[in-house]
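Enquirer: sequence and predicted structure, then a few things I'm wondering about:
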Amino acid sequence: MVASAAVFWRIAFRNVWRQRTKSLIVGFILFLCTGLIVFGNALVDAVDAGMEKSVTQSVSGHLQVYSAEARDALSVFGDEYGSMPDIGVIPDFAALAAAVRKVENVRAIVPMGINFAMGQSGNELDRWLATLRQAVREGDPARIAERRDEVRAVCERLLQELQNTRDVAAADSAIAQDIEQARRAASPEFWAGFDADPLGSLEFLENKVAPLEAAMSELWLQFLGTDLDAFAQNFDRFEIVEGTAVPKGQRGFLMNHGFYEEAVKHRVARELDKMKKLRAEGASFESDADLRSRRDQLPTQYRRVLYQLDRKASADLTQRLRALLGTPDTALPDLLQSFLKVDDANFDARYAFFYEHVAPQLQLYAAKVGDVIPLQGYTKSGYSKSINVKVYGTFRFKGLEDSDIGKMFNLVDLVTFRDLYGMMTPERRAEVQALREQAGVKDVKREDAEAALFGEAAPAIERQVETAEIDELAGLAKVARGEANQAFDPAELERGVALNAAVVLADPTRLHETKAAIEAALKDAGLKMQVIDWQAASGMVGMLVVVARGVLWVIIFVLLIVAAVVINNSMVIATMERVKEIGTMRAIGAGRGWIRRLFLAETAMLGLVSGGLGAACAAGAVVLWGRVGLPAPNAFMQFLFGGPRLHPWFESGHLVSALVIILLFALISTLYPAALASRVSPRAAMASDG
Amino acid sequence: MQAAGPIVVLEDVHKDYPLGRTVVTAVRGVSLTVQRGEFMALAGPSGSGKTTLLNLIGCVDTATSGRVTVDGHDTARLKEKGLTKLRLERLGFIFQSFNLVAVLDVFQNIEFPLLLQKKLGKAERAARVNEIMERVGLSKQAKQRPAELSGGQRQRVAIARALVARPALVLADEPTANLDSETGERIIDLMRELNRAEGTTFVFSTHDPKIMNHADRLVRIADGRVVEGTN
């Protein structure tokens, strides 16, 4: 038996060897396929794990719970249109938390809600107007004159910017009106009449002109409302960068540090930072198109510096820039433009100069740690709502500092979130009810509002609001308590409403069984909730790994098809070349099955050798790469890698499955030639060579 | 195991081959009996039907009509597997161009049918192969590959391979055609010697008069018919 097998394999080997070129080609394709299966899957596994870390340790937790009656699927990073899906509400987070906490392997459950808001910091005109009003109040003519000239300069600049906007945008009557207001504010007549009616003029400037500038300094931000203490404890990547955490029981806002640096920081400083970073990564103005485009844009931003300087600072900077640039008679606007013309030779010096002499004169961040910013959001039903909230600090998700998704969310306490979203705790609802009764407000269903207002066929005006948790009047409660009251009872966090809840597990490897256990617990508790894993919760982002694995298998499959065609063709040719030998074997007494097996053995041998080599090389590469780590080329990859480097690991299962797949494919593609060979007649042996 | 009576009986055997749109008749009503232990030559010019007859006797082809009985088996009634078994266990083949497996050495080539049979253990196979190698005078070449041997030596290997499984009948198709006449005669002498010593029946085809003379019995074929030597 052993000898028989030896001869059998010897003949098989001989045939593989005799057709070296063909064997090399087929072997190389099989080598590639096995290598790709082992290496590609190790890579995708590592990305999967990296992404799991990124997603679970930053915002989603391992599981997410939300309403079973949600209209859309929950996607913490937004849907494909970048908007937030309608995921319903968790009416009673305390009940949910109680049910989930009983499940074994649950480390924590954290209430959440995601929404957008417009953050506004007071704009430049507001600041100058405040100083002018102060001067008017004090009645100091010299001071008034000084401040007045500053405000006038800002108005002139505003007019110019609005005109620029109009030139770029299509003709728009709204812009035309804005320009009209700005033109009046910048006109000599207006300022000639200022002293006659300072308060009336100030009112016009504050109410009609300042908002025009405000529209330009809007800051859209996405925020996650949560129990900030629980969040900090359970999301391992969270860490405070500047300032402090929000004290327990206080309303407060934590700004994402990446967002702070990229969206809140002064535009010119931000651009210089970005250029410095790109240059540090090896780009130069000569070689990099992005860098060149930024360089060309930078001088056009000079007004953002100019208009933030008061007279003293302007004079001071003029002197310094004249000295730096060696142009003694040039005015500040031209000096700033020249200064902002950077190149490879002067960049480092200009950057240092900017931070040493210019930045201290500017408001470097539109809102900074310690500021109270108005957050203007929209409630579930579309009402605009605004709340002032203190920025206690900035935070980051460790390892994801540079990735867009790591910079996506700001954090706010859940109570403020609920107010902005128009959701109330039972206590608040009672409070609002009391206010209503005082004010004589009646509950009216929205669809009946018109009838109630206009008295047409409104038989029952007093009605119960159906969605009692959602109430646009919630803001009234806040007004009633007063803006200054930033404290709340920490127990309120548990008692109220949330949109979704993150579940953090003690042992993430038992995700599926814990998910099932939670689902059962929720059912037992009679809660209509659904549970999804982090991958589903991360929406399109979560699909990336699935897509990547899909693409990998498509490539492997295409390679396998090519290999199959080549194997099939070459074996058919081999059959024809070997008709006489096959005939001889058949004549001597080899059965058809024996011939078939011989052909299959040849392919199996080729598959095993080249597949084994491919798998071994790939495994070696995986182990080596696992040690060194593959650096993330950009911020998005950093998110996928779960940090700055990806460390894939070798999984013997992939090796086994790779070899099995390769062998199966090789054998299947040999079935036809093997069948052909087995049909060769033993008569073929008799054919003479001549 | 060994059936009594003639080893081969052909009764009015015809064989037609399709050739394009026409049909070529290679064997026309041949009746022939070969007794056990015979050393018989089928003689005739090229295209006379010798090889076709050998194919029919060797169970590698089937007759269009008539009956072919080999070692007591009506070959028309055997299926593919039965025919393969018959060839493996009762027949031996020697080919004009030797048809050795190039990658196997002399020993392995000779051992090949025994491996296919799977009846003998390693030691028995070795004994059998060594014995037959000695008989054909190839003991010293056991480890050589066919490419390292002369034509005569290769045909000795083929003879040894045909005989190693102790068949009842050895069929040889022009076994000397690719050899010089002296070597050819020595090969025929060897076959003859083995025929006498082992009692194995030999049927070989040839068109060489010198070779024909070595046969016990000569059957001449022309145009697919037996023209001389039938019984």
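Expert: Everything's here; your move. All of these numbers come straight from a predicted model, not from anything done at the bench.
Enquirer: point me to the residue of chain B nearest chain A.
Expert: residue B:88 (2.6 Å; CB to the nearest CB). The way it works is simple: take the backbone N, C-alpha and C, and place the C-beta from them, glycine included.
Enquirer: relative to residue A:345, how far out is the residue nearest to that residue when sequence neighbours are not counted?
Expert: Of all residues not flanking residue B:88 in the chain, residue A:589 sits nearest, at 2.6 Å (CB to CB, 6 or more residues apart in numbering or on different chains). Residue A:589 sits 88 Å away from residue A:345, going by CB to CB, to the nearest Å.
Enquirer: count the neighbours of the residue of chain B closest to chain A for me.
Expert: As a burial measure, residue B:88 scores 21 neighbours (other CB atoms under 10 Å in any protein chain shown).
Enquirer: helix or strand right after the helix or strand containing it?
Expert: In this structure, residue B:88 sits in helix B:80-90 according to DSSP states H and E. Once helix B:80-90 ends, the next helix or strand along the chain (criterion: DSSP H and E) is strand B:91-94.
Enquirer: near chain A, anything from that next one?
Expert: Yes. Residues of strand B:91-94 are located near chain A by CB under 8 Å from any CB of the partner chain, namely residue B:93.
Enquirer: outside of the helix or strand that that strand is followed by, which residues touch it?
Expert: Beyond strand B:91-94 on the C-terminal side, the first helix or strand identified by DSSP H and E is helix B:106-117. Here helix B:106-117 makes contact (CB atoms under 8 Å, 6 or more residues apart in numbering or on different chains) with A:3-4, A:7, A:10, A:588-590, A:594, B:88-89, B:92, B:100-101, B:104, B:120, B:125, B:128-129, B:132-133, B:138, B:141-146, B:149, B:157, B:160-161, B:164-165.
Enquirer: buried subset of those?
Expert: Buried members of the contacts of helix B:106-117, counted by 16 or more other CB atoms under 10 Å in any protein chain shown: A:4, A:7, A:588-590, A:594, B:88-89, B:92, B:100-101, B:104, B:120, B:125, B:128-129, B:132-133, B:138, B:141, B:145-146, B:149, B:157, B:160-161, B:164-165.
Enquirer: keep only those of those residues that are in strands.
Expert: Those of these mapping onto strands are residue B:92, per DSSP state E.
Enquirer: which residue is nearest the middle of the chain?
Expert: Using chain A here. Closest to where the C-alpha atoms of chain A average out (CA atoms, centre = their mean) is residue A:405, at 2.1 Å.
Enquirer: I was after chain B.
Expert: Central residue of chain B (CA atoms, centre = their mean): residue B:171, at 1.3 Å.
Enquirer: for the helix or strand where that residue lies, C-alpha coordinates in PDB please.
Expert: Using DSSP H and E, residue B:171 sits within strand B:169-173. Output of strand B:169-173 as PDB, limited to C-alpha atoms (Å, rounded to 0.1, in the frame of the first residue of the first chain):
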ATOM      1  CA  LEU B 169      -1.400 -14.900 -21.900                       C
ATOM      2  CA  VAL B 170       1.100 -12.400 -23.100                       C
ATOM      3  CA  LEU B 171       0.300 -10.300 -26.100                       C
ATOM      4  CA  ALA B 172       3.200  -8.600 -27.900                       C
ATOM      5  CA  ASP B 173       2.500  -6.100 -30.700                       C
END
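Enquirer: quick check: the residue of chain A nearest chain B.
Expert: Closest point on chain A to chain B, by CB to the nearest CB, is residue A:589, at 2.6 Å.
Enquirer: any weak-confidence spans in chain A?
Expert: Flagging of chain A using pLDDT under 70 yields the residue ranges A:1-4, A:79-84, A:120-123, A:168-173, A:214-218, A:380-382, A:423-433, A:436, A:438-485, A:687-690.
Enquirer: residues from chain B in reach of chain A?
Expert: Residues of chain B lying near chain A (CB under 8 Å from any CB): B:51, B:54-55, B:58, B:60-61, B:80-81, B:84-85, B:87-89, B:93, B:95-97, B:99, B:101-104, B:108, B:111-113, B:115-118, B:122, B:125, B:161, B:173-174, B:177-178.
Enquirer: in ChimeraX, select just the buried ones from the residues you listed.
Expert: In ChimeraX, the members of those classed as buried (16+ other CB under 10 Å) are selected with the following command:
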select /B:51,54,55,58,60,61,84,85,87,88,89,93,95,96,97,99,101,103,104,108,111,112,113,115,116,117,125,161,173,174,177,178
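Enquirer: what's the angle between the helix or strand residue A:625 falls within and helix B:80-90?
Expert: Residue A:625 is part of helix A:592-628 when elements are defined by DSSP H and E. In terms of direction (axes from the mean of the first three to the mean of the last three CA atoms, to 10 degrees), helix A:592-628 departs from helix B:80-90 by 100 degrees.
Enquirer: for helix A:592-628, which positions count as buried?
Expert: A:592, A:594-607, A:609-615, A:618-619, A:621-622, A:625-626.
Enquirer: could you do stretch A:237-249 as well?
Expert: Buried residues in stretch A:237-249 (16+ other CB under 10 Å): A:237, A:238, A:240, A:241, A:242, A:243, A:245, A:246, A:249.
Enquirer: what comes into contact with that stretch?
Expert: A:53-54, A:57-58, A:228-229, A:231-232, A:252-254, A:257, A:369-370, A:391-400, A:413, A:487-490.
Enquirer: which residue, other than its chain neighbours, is closest to residue B:40?
Expert: residue B:217 (4.6 Å).
Enquirer: one more: residue A:311?
Expert: Closest to residue A:311 by CB to CB, 6+ apart is residue A:146, at 7.1 Å.
Enquirer: how about residue A:325?
Expert: residue A:338 (5.4 Å).
Enquirer: for my notes, confirm that neighbour occurs in a helix.
Expert: Yes. Using DSSP: H, G, I helix; E, B strand; the rest coil, the assignment for residue A:338 is a helix.
Enquirer: mind listing what's buried along stretch A:155-167?
Expert: For stretch A:155-167, the neighbour count (16+ other CB under 10 Å) marks A:155, A:156, A:157, A:158, A:159, A:161, A:162 as buried.
Enquirer: hmm, the fifth one is touching residue A:181, no?
Expert: Spelled out, that is residue A:159. No. Shown here, residue A:159 and residue A:181 do not form a contact pair, counting by CB atoms under 8 Å, at 9.2 Å.
Enquirer: for the record, mean pLDDT for stretch B:216-229?
Expert: Mean pLDDT, stretch B:216-229: 88.
Enquirer: in that stretch, what's buried?
Expert: Quick answer for stretch B:216-229 (16+ other CB under 10 Å): B:218, B:219, B:220, B:221, B:224, B:226, B:229.
Enquirer: quick one, phi/psi of the first one?
Expert: In terms of degrees, to the nearest 10, the main-chain angles of residue B:218 are phi -120, psi 130.
Enquirer: my read: it touches residue B:43, true?
Expert: Yes. Using CB under 8 Å, residue B:218 is in contact with residue B:43, at 5.7 Å.
Enquirer: need the residues touching each of the two.
Expert: residue B:212.
Enquirer: is the helix holding residue A:625 up against chain B anywhere?
Expert: Yes. With CB under 8 Å from any CB as the criterion, chain B is reached by helix A:592-628 at A:592, A:594.
Enquirer: show me what the helix or strand that that helix is followed by is packed against.
Expert: With elements assigned by DSSP H and E, the helix or strand that comes after helix A:592-628 is strand A:630-631. On a contact count with 3 or more CB pairs under 8 Å, 6 or more residues apart in numbering or on different chains; DSSP states H and E, strand A:630-631 meets strand A:645-646.
Enquirer: alright, I will stop here.
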